[in-house]
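Visitor: No letters, just coordinates:
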């Protein structure tokens, strides 16, 4: 049997699939007007994304942004002639950075979004100038469409890549790659990621969670 080597830690894989589920939940609750659930999911996603950013600095080799950061020329060269890569490929760096920025814009603008109801307004609505709140509300409405479009591109690219080049979808589920495409990498214990995630969740839910839970 061919040897399998661990490429991605559990923290990275948990973030990837949990983020997808949370964004789907946020879209659904926003469309259905389930604002208490919407905000609870938003705080969960905020804690998750911030934890991933920190893990991208101090985490496992393949989790670090510095591991797969690439120049635009390298990304373009990869797109023209894709090949199997240990961890994220050069082009994915730009998609991941874009998705994280769009998610953060959506979450931060949501904190100051006005929705004609004190029950569903963002927690910063009452402390920010009206012009800021109006701008944040507009950004929140527009940015979600940009985010969903970027996610669609990401999904299509991942499916194409898995069929034609390298099964990255299975790799993101299992965390393991065939020995011919994997190099020896240093993986850190994911417990530190989850401890940070739990700490951020506790802070955010202490700030707003009790009031939102009462509305359920």
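Guide: That came through, no problem. Owing to the predicted nature of the structure, the values given are computational and were not obtained by experimental measurement. Numbering: from 1, shown residues only.
Visitor: residues near the closest residue in space to residue 39 that isn't next to it in sequence, how many?
Guide: Spatial nearest neighbour of residue 39, excluding adjacent residues (C-beta to C-beta, 6 or more residues apart in numbering): residue 212 at 5.5 Å. Backbone N, C-alpha and C define where each C-beta goes, glycine included. The burial count assigned to residue 212 is 19, neighbours taken as other C-beta atoms under 10 Å.
Visitor: show me what contacts residue 212?
Guide: Residues counted as contacts of residue 212 (C-beta atoms under 8 Å, 6 or more residues apart in numbering) are 36, 39, 40.
Visitor: Against residue 200, how distant is it?
Guide: Distance, residue 212 to residue 200, using C-beta to C-beta, to the nearest Å: 16 Å.
Visitor: picking that back up, switch the contacts of residue 212 over to a markdown table; also include secondary structure and pLDDT.
Guide: Formatted as a markdown table, those follow (DSSP: H, G, I helix; E, B strand; the rest coil; pLDDT from 0 to 100):
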| residue | secondary structure | pLDDT |
| --- | --- | --- |
| 36 | helix | 89 |
| 39 | helix | 92 |
| 40 | helix | 94 |
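Visitor: of the residues you listed, closest to residue 208?
Guide: Of all these, residue 208 sits closest to residue 39, with 6.9 Å by C-beta to C-beta.
Visitor: Return the backbone torsion pair for residue 60.
Guide: phi -60, psi 160 (degrees, to the nearest 10).
Visitor: Measure how buried residue 63 is and give me the count.
Guide: Around residue 63 there are 25 residues (other C-beta under 10 Å).
Visitor: I misspoke; the intended subject was residue 129.
Guide: There are 9 residues near residue 129, going by other C-beta under 10 Å.
Visitor: Could you check the pLDDT of it?
Guide: Each residue has a pLDDT score; the one for residue 129 is 93.
Visitor: before we move on, what about residue 176?
Guide: Value for residue 176, per-residue pLDDT: 78.
Visitor: Which pLDDT value belongs to the nearest residue to residue 186 once chain neighbours are set aside?
Guide: With C-beta to C-beta, 6+ apart as the criterion, residue 186 has its nearest non-adjacent residue at 4.9 Å, and that residue is residue 61. Note on residue 61: pLDDT of 89.
Visitor: Check residue 117 too.
Guide: pLDDT, read off for residue 117, is 54.
Visitor: Same check on residue 190?
Guide: 95.
Visitor: And it, how far from residue 87?
Guide: Distance from residue 190 to residue 87, by C-beta to C-beta: 15 Å.
Visitor: quick one: least confident helix or strand in the chain?
Guide: strand 176-178 (a mean of 71; mean pLDDT, DSSP states H and E).
Visitor: Following it in sequence, what is the next regular element?
Guide: helix 191-204 (DSSP states H and E).
Visitor: which residues touch that next one?
Guide: For helix 191-204, the external contacting residues (C-beta under 8 Å, 6+ apart) are 9, 11, 14-15, 43-44, 46-48, 50-52, 54-55, 58-59.
Visitor: now those: which count as buried?
Guide: Neighbour counting by 16 or more other C-beta atoms under 10 Å classes 9, 11, 14-15, 43-44, 46-48, 50-52, 55, 59 among these as buried.
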